[in-house]
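> A predicted structure for the sequence below; I have some questions about it.
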Amino acid sequence: MPQLPAPDYPPEVRARLEADAAEIISRYPGARSALLPLLHLVQSEEGHVTRTGMAFCARQLGLTTAEVNAVATFYTMYRRKPSGDYQVGVCTNTLCAVMGGDAIFETLQEHLAVGNDETTEDGKVTLEHIECNAACDFAPVVMVNWEFFDNQTPESAVRLVDDLRAGREVEPTRGAPLCTFKETARILAGFPDQREGAVAASGGAGPASLVGLRYAKGENPHPRVVHPRPVSTRQQEEAAPRTPGEQPPAGHPSSHDAPQETSASDPAHPAGPTAEEGE
């Protein structure tokens, strides 16, 4: 059966959202570009993107509901059904999976008695597997409402969700203090985080992410983990200073490789095509 038109928001809610939407749309030269933050805005109202929310976005931007629905169903950050106060995402992509992400996800499924993209009976936690959290240097990683919890184990992940469900304070490994999914959605819509000290606490990249940058700047923040291989007598001879015109000692093209049957090491078998093209 065809669905009836989506119900409208109550008048006071619609007026408040229209004021927020006008502020968002004013940031863009073309109104259509405001669709993504508007979807976060309506998600902050109900905890997921409803038909009412999509109809609201369509009216504000002069789009069809089909156009809005196409975007809302493409991005996984937009929830299409009621979800918990805390979105717990476990990275199960290659590196995190190898480091224990699969074990963490399976443990949480059993501990919470939910499957992927399902919510606990108390409405506190929605569990989902995520393809990548873009934090491979801290694998395995769990995210709660898009805040990082690094270097997790099945045991630490169980303690994390138990604390969330019990209402105990939980601090991310790095980043801003944790807030509810609705509050996170409003921040993603482009409105400032009003919590005291939250913006300053967000900080920058973690130490593991900055090692490469420090090396690029000529710093040496950590001792070498892999030591250089011993230098052979031949390598010492090849690297020794020579007088002008002096030839290096005879040897293979590479001091590490065995002789290869190529034009460089075997003149009797030159490399190159043996027939004209097409023959």
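That came through, no problem. Numbers count the residues shown, from 1 in each chain.

> any low-confidence regions in the stretch 101-250 of the chain?
For the stretch 101-250 of the chain, residues meeting the criterion pLDDT under 70 lie at 197-204, 221-239, 245-250.

> hmm, try it at 50
225-226 (pLDDT under 50).

> what segments of it are strands?
118-119, 125-130, 142-144, 147-149 (DSSP state E, counting those that start in this stretch).

> a markdown table please, covering those strands and showing distance to residue 19 and mean neighbour count.
Just so you know, the C-beta spots here come from the backbone N, C-alpha and C atoms, and that holds for glycine as well. Supplementary listing: these in a markdown table, determined by distance: least, Cβ to Cβ, whole Å; neighbours: other Cβ atoms under 10 Å:
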| stretch | distance to residue 19 | mean neighbour count |
| --- | --- | --- |
| strand 118-119 | 31 | 18 |
| strand 125-130 | 29 | 22 |
| strand 142-144 | 30 | 23 |
| strand 147-149 | 28 | 22 |
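
> so which of those strands comes closest to residue 67?
For those, the distance to residue 67 is smallest for strand 125-130, at 26.0 Å, taking Cβ to Cβ.

> can you list the strands that that closest one pairs with?
In its sheet, strand 125-130 lies beside strand 86-91 (parallel), strand 118-119 (antiparallel), with partners assigned from DSSP bridges.

> export the ones you listed as a markdown table, with columns for distance to residue 24.
Formatted as a markdown table, the entries for the strands paired with strand 125-130 read as follows, by distance: least, Cβ to Cβ, whole Å:
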| stretch | distance to residue 24 |
| --- | --- |
| strand 86-91 | 22 |
| strand 118-119 | 28 |
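
> from residue 148, how far out is the closest residue to residue 150 other than its chain neighbours?
The spatially closest residue to residue 150, leaving aside those adjacent along the chain, is residue 138, at 3.5 Å (Cβ to Cβ, 6 or more residues apart in numbering). Relative to residue 148, residue 138 is positioned 7 Å away (Cβ to Cβ, to the nearest Å).

> just residue 65 next, same as before
When distances are taken as Cβ to Cβ, residue 65 and residue 148 turn out to be 35 Å apart.

> pull out the buried positions in stretch 154-169.
With burial defined by 16 or more other Cβ atoms under 10 Å, the residues of stretch 154-169 counted as buried are 154, 157-158, 160-161, 164-165.

> just these: which are in helices?
Applying DSSP state H to the buried residues of stretch 154-169, the entries found in helices are 154, 157-158, 160-161, 164-165.

> which residue ranges of the stretch 1-150 of the chain form helices?
11-25, 35-46, 51-61, 65-72, 94-96, 102-112 (DSSP state H, counting those that start in this stretch).

> JSON lines for those helices, including mean neighbour count and distance to residue 193?
Rendered in JSON lines, the data for those read as follows (neighbours: other Cβ atoms under 10 Å; distance: least, Cβ to Cβ, whole Å):
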{"stretch": "helix 11-25", "mean neighbour count": "15", "distance to residue 193": "15"}
{"stretch": "helix 35-46", "mean neighbour count": "22", "distance to residue 193": "12"}
{"stretch": "helix 51-61", "mean neighbour count": "21", "distance to residue 193": "22"}
{"stretch": "helix 65-72", "mean neighbour count": "17", "distance to residue 193": "24"}
{"stretch": "helix 94-96", "mean neighbour count": "18", "distance to residue 193": "27"}
{"stretch": "helix 102-112", "mean neighbour count": "18", "distance to residue 193": "28"}
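
> fine by me, thanks again.
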